[in-house]
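> requesting a structural model of the entry that follows:
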Amino acid sequence: MDQIQAMRIFVRVVEAGTFTRAADSLQLPKATVTKHVQALEARLRVKLLNRTTRRVTVTPDGAAYYDRTVRLLADFDDIEACMGQAGNRPRGRLRVDVGTSVAQLLIIPHLADFQARYPDIQIDLGVSDRTVDLISDNVDCVIRGGELSDQSLVARRIGNVEFITVAAPSYLERHGTPQHPQALENGHQSVIYFSPLSTRRYPLEFHQAGQMFEISGPTQLAVNESNAYMNAVLHGLGVGQISTFQAQPHIEQGRLVPILTDWSHPLVPVYVVYPPNRHLSARARAFVDWAAELFAGHPLLQTQRPHAA
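Just a heads-up that it's a prediction; the model follows:
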C-alpha cells in the first residue's frame, strides 16, 4: 500500500463526507477508495471512520489522525515544491470556482496569460453562481462577490463591484422612464435576482442622502444567474441593477440606458477565498496573485466610493 496515497484518500473522504464524493473528486473507483481506507485502518489497528448508508463521520481516533495527517501532507507538499525548481515553476491540477459573469468577462478572456506564465498548471474551472463548499467539493479557491457568511474561510479582498440601475430602450418606450425608486412599484416591472442555493430574493436597492428604498416588485421574473439576469434586462423584461463592469459595454452600444442615476447601490466587495485548514500550494498562490493583479488592472472593479448611507 502507498501510505501517502492512502493518507490523501482518507483526508478526501473526511472532507467530502462520503466515499462516493471522495472517489468522484479523486477520479478513482469507489472500490479503490474504500480499499485504501480499510488498509489504512488495518495498518493503524484503529477505526478511523463510522460508515452509514448516506455518509461517513470520523471517530475520535480518526479526527486526531486527520488533523495530524493534514499538517504532514502540507509539509510533504512543501518539500516537493522546493525540489527540482518546482517552487519557481508551480505545477499540478488546480480546482477553481468563479461566478458566471466574472468567468465570462474577465477570467476566461485572460486565461491565456495565466497559462503562458504557468504552463505546468492545469485548471479545472467551475463556473456558476452557486455557493460551493470548498472543503466537501474539493475546491482550492473561489472568487465571489458579497460579504462572507463563513468567517472561518481565508479571504483576500481583490476588488469592489458597483451596481447601476438600467433598462432597455424598448422597455422605456413601453413604460416610460421612472423618476423615483418608488415609481417602480406602480406601472413598472423589476427583474429580481434570487439565490440559486437558498432561493432568497434580492430586492433592488437605492440609497441617497440618508434615504433607502428596497423595491421587490411588482415582478414577473426572478433569475438566479447573472448572465441570464442581464439578458432578461437587455430584452426589455424589466428594470434591473447590474454591475457597471457587466453593463458598460451595453450602455456604450445603446442597448441599456442608466436610470435613477441620482440614487446609488452599496459597493459589493469581491474576494478570493480558500479553506483555512488547507496548505496554500504554490499553484494556488500563483492563481490568487494573478487574479488579484487582474482585478487591480480593471478600473470598474476597483471603485472606492464609500457605501451610500
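
> what residue spans form the domains of this protein?
Domain assignment for the chain by automatic domain parsing gives 3-82, 92-158+270-299, 163-258.

> turn these into TSV, including mean pLDDT.
TSV is the format used below for the domains of the chain (pLDDT from 0 to 100):
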stretch	mean pLDDT
domain 3-82	85
domain 92-158+270-299	85
domain 163-258	91
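
> all strands of the stretch 201-309 of the chain, in order?
201-202, 204-208, 211-215, 221-223, 240-243, 257-258, 268-274 (DSSP state E, counting those that start in this stretch).

> what ranges does the protein have for its helices?
3-16, 19-26, 30-44, 60-82, 100-102, 108-117, 169-175, 226-234, 244-252, 282-296 (DSSP state H).

> looking at the strands of the stretch 201-309 of the chain, which is nearest to Phe19?
Nearest to Phe19, of all the strands of the stretch 201-309 of the chain, is strand 268-274, at 24.8 Å by CB to CB. The C-beta positions use only the backbone N, C-alpha and C, and glycine is treated the same way.

> and the angle for the closest one with helix 244-252?
130 degrees (axes from the mean of the first three to the mean of the last three CA atoms, to 10 degrees).

> tell me which of the domains of the chain lies nearest to Ser264.
Short answer: domain 163-258, nearest of those by CB to CB, at 5.1 Å.

> touching, Leu197 and Ser128? I think so.
No - if you go by CB atoms under 8 Å, Leu197 and Ser128 don't touch, sitting 10.1 Å apart.

> of those two, which one has the most company?
Each of Leu197 and Ser128 has its neighbours counted (other CB atoms under 10 Å); Ser128 has more, 14 against 11.

> so how many other residues sit close to the residue nearest to the more buried one when sequence neighbours are not counted?
Spatial nearest neighbour of Ser128, excluding adjacent residues (CB to CB, 6 or more residues apart in numbering): Thr100 at 6.5 Å. Residues near Thr100, counting by other CB under 10 Å, number 17.

> if I look at His110, how far off is Phe287?
12 Å (CB to CB, to the nearest Å).

> more neighbours, these two?
Legend: neighbour count by other CB under 10 Å for His110 and Phe287, higher for Phe287 (23 against 16).

> surely that one meets Leu94?
Yes - under the criterion of CB under 8 Å, Phe287 makes contact with Leu94 at 6.0 Å.

> shared neighbours, these two?
Ile121, Ile123, Asp140 (CB atoms under 8 Å, 6 or more residues apart in numbering).

> any chance of CSV for the residues you listed, columns distance to Leu280?
CSV is the format used below for those (distance: CB to CB, whole Å):
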residue, distance to Leu280
Ile121, 14
Ile123, 16
Asp140, 8
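
> of the residues you listed, which belong to strands?
Judged by DSSP state E, the shared contacts of Phe287 and Leu94 include Ile121, Ile123 as members of strands.
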